[in-house]
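Asks: mind folding the following:
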Amino acid sequence: MCKAGGFERCDYRTEWKMGYKVLSNVEKLKNSIFKMNSWLLIMRAIVTALVWASAVQLIGIWLIRGSRLFKVWPPCNQLDLHVASELPKLPIPVFPPKRVYKNNGYLMVSCNGGLNQMRAAICDMVAIARYMNVTLIVPELDKNSFWAASEFQDIFDVNHFIRSLRDEVRILKKLPPKLNKRAVYSLPPVSWSNISYYIHQILPLVRKYKVVRLNKTDARVANNGLPLEIQKLRCRVNFHGLRFTSQIEETGRKLVRILREKGPFLVLHLRYEMDMLAFSGCSHGCTNDEVEELNTMRYANPLWKEKDIDSEMKRVEGLCPLTPEETALVLVALGIDHNVQIYIAAGDIYGGDRRMEGQERDAARAFGLEVLPKPLFSNGSIGLPCVSGE
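Replies: The predicted model follows:
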């Protein structure tokens, strides 16, 4: 401040600058206080919203599950022990979460062969689809042979198949509608191929055409020399993913119960049907007329590539099944108890009763060989065994 008497020496500009600085500091202080109050208000609003949201969720949980969580159970001597009989026979399955991946396209599969061959092929194709990162369409079963017009869902639980494997590969029952009009590239894959064949030969085709159909599946993937992950997935599909329909499983339990009524039993699948012998060329023990009949059947089938077959050479190489007579002798040599009931689970034995004549027939009869009930076909699809006896 300027003192009296020293007016001529007073510098008013210095005093004015000092006052301006004081006012500036006051304004900055006010602004910082205002900003702090604003942040406090925002934080208070966020905390309030979270508290109310939590309260609403807790109220919802209480309304839905509160009565179960805080239910007062009666003493043990007051429990109704018959409640257990009302529980379901099978636990509710818990399916894995879906695997998320970039889809490279869609793979369609047309299986061929018998049921065992088709089952093995489905296991192979699931593993291939997984490692190509494609979407698998539920496989089609062979309709040109024994299985007539059966569909996948007639034999297997299709919903269980899709959901139980969804952590490995995406499976759809049919192509998306937008792809129905798209041309499908079809080819038979090379037999006994390893994973590199599918990655370097099939996957580029899937990326190019978006939809590829493999029209042959029997033995199209090698058994050995594959990554362990593929082998594990094949086993998982076979033992967990492919489950028969509840109707077939129930009939199977019924059939086993009937068979057990007579005591211990053994079921043989001889693989000695006419079509199997014609395909393999194994005609040991057949008459000349039967050999001619088998050759005629083999040459008439365009799908069987091998025509001129030396039956005895195949037998020496171990590529032919045991004859019914040889099977009976093996059972005797193994010391199987003659009280064990033995059932033939197969089609008609080629040659009929003639193959059971003589000493071998006596040995077989000692075991009480019987033929299992033949399949019952309904509406042109695979039906259930015609079971009687109850």
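Asks: need the contact list for residue 306.
Replies: Contacts were defined as CB atoms under 8 Å, 6 or more residues apart in numbering; by that measure residue 306 touches residue 281. Any C-beta I mention is one placed from the backbone N, CA and C, and that applies to glycine too.
Asks: now swap in residue 101 and tell me
Replies: Residue 101 sits next to 133, 170 when contact means CB under 8 Å, 6+ apart.
Asks: how far away is it from residue 159?
Replies: As defined by CB to CB, to the nearest Å, residue 101 lies at a distance of 22 Å from residue 159.
Asks: and residue 230, by the same measure?
Replies: The spacing between residue 230 and residue 159, counted by CB to CB, is 25 Å.
Asks: please identify which of the two sits among more neighbours.
Replies: Set side by side, residue 230 and residue 159 show unequal neighbour counts under other CB atoms under 10 Å, the larger going to residue 230 at 20 against 12.
Asks: helix or strand: which one has residue 38?
Replies: In this assignment (DSSP states H and E), residue 38 forms part of helix 12-69.
Asks: cool, residue 213 as well?
Replies: Assigned by DSSP H and E, residue 213 belongs to strand 211-214.
Asks: only alpha carbons, please: show that strand as CSV.
Replies: Below are the C-alpha coordinates for strand 211-214, written out as CSV (Å, rounded to 0.1, in the frame of the first residue of the first chain):
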residue,chain,number,x,y,z
VAL,A,211,-20.8,-76.6,-48.7
VAL,A,212,-19.1,-79.9,-49.3
ARG,A,213,-20.6,-83.4,-49.2
LEU,A,214,-18.5,-86.4,-48.5
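Asks: where do the helices sit along this protein?
Replies: Along the chain, the segments classed as helices by DSSP state H run 12-69, 115-132, 152-155, 158-164, 195-197, 203-209, 228-236, 246-260, 274-280, 288-300, 311-316, 324-333, 358-366.
Asks: same question for the second one: list its buried residues.
Replies: For helix 115-132, the neighbour count (16 or more other CB atoms under 10 Å) marks 118-132 as buried.
Asks: from residue 138, how far off is residue 313?
Replies: When distance is defined by CB to CB, residue 313 is 41 Å away from residue 138.
Asks: which secondary element of this structure has the worst mean pLDDT?
Replies: Considering only helices and strands, the least confidently modelled element of the chain by mean pLDDT, DSSP states H and E is helix 358-366, at a mean of 48.
Asks: contact partners for the residue most central in space within the chain?
Replies: The geometric centre of the chain, computed from its C-alpha atoms, lies nearest to residue 241 (CA atoms, centre = their mean), at 3.1 Å. Contact analysis of residue 241 by CB under 8 Å, 6+ apart lists 126, 160, 161, 164, 165.
Asks: next one: it, what pLDDT does it get?
Replies: As predicted, residue 241 sits at a pLDDT of 96.
Asks: now swap in residue 250 and tell me
Replies: In this prediction residue 250 is given a pLDDT of 93.
Asks: and residue 208, by the same measure?
Replies: On the pLDDT scale, residue 208 is placed at 95.
Asks: beta-bridge partners for the closest residue to it other than its chain neighbours, please?
Replies: The shortest distance from residue 208 to any non-neighbouring residue, by CB to CB, 6 or more residues apart in numbering, is to residue 185 (7.8 Å). Assessed by DSSP bridges, residue 185 has beta-bridge partners residue 212.
Asks: contacts only, for residue 185.
Replies: Contacts were defined as CB under 8 Å, 6+ apart; by that measure residue 185 touches 205, 208, 209, 211, 212, 213.
Asks: ok, residue 102 - contacts?
Replies: Under the criterion of CB under 8 Å, 6+ apart, the contact partners of residue 102 comprise residue 133.
Asks: re the thing from before, quick check: the two most widely separated of the contacts of residue 241?
Replies: Taking CB to CB as the measure, the contacts of residue 241 reach their widest spread between 126 and 160, a distance of 13.5 Å.
Asks: any idea how far residue 43 is from residue 304?
Replies: Computed with CB to CB, the distance linking residue 304 and residue 43 is 80 Å.
Asks: and these two? Which one has more around it.
Replies: Neighbours were counted for residue 304 and for residue 43 using other CB under 10 Å; residue 304 has more, 16 against 10.
Asks: was I right to think residue 283 contacts residue 312?
Replies: No. Contact criterion CB atoms under 8 Å: residue 283 and residue 312 do not qualify, at 9.1 Å.
Asks: looking at these two, which is more packed in?
Replies: Remark: of residue 283 and residue 312, residue 283 carries more neighbours, 23 against 11, as counted by other CB under 10 Å.
Asks: pLDDT value on that one, please?
Replies: Value listed for residue 283 in the pLDDT field: 90.
Asks: got the phi/psi numbers for it?
Replies: Dihedral angles of residue 283 (phi, psi; degrees, to the nearest 10) stand at phi -130, psi 20.
Asks: for it, what are its contacts?
Replies: The neighbours of residue 283, taking CB under 8 Å, 6+ apart as the test, are 277, 290, 291, 294, 311.
Asks: ok, which pair from those is furthest apart?
Replies: Considering CB to CB, no two members of the contacts of residue 283 lie farther apart than 290 and 311, which are separated by 11.4 Å.
Asks: which of those two has more residues huddled nearby?
Replies: residue 311 (19 against 16).
Asks: what sits against the more buried one?
Replies: Residues in contact with residue 311, defined by CB under 8 Å, 6+ apart, are 281, 282, 283, 284, 291, 320.
Asks: neighbours of the second one, just the number please.
Replies: Taking other CB under 10 Å as the criterion, the count of residues near residue 282 is 22.
Asks: could you do the fourth one as well?
Replies: Residue neighbour count, defined by other CB under 10 Å, stands at 15 for residue 284.
Asks: repeat for the fifth one
Replies: Neighbourhood size, residue 291 [other CB under 10 Å]: 15.
Asks: now residue 320
Replies: Counted with other CB under 10 Å, residue 320 comes out at 19.
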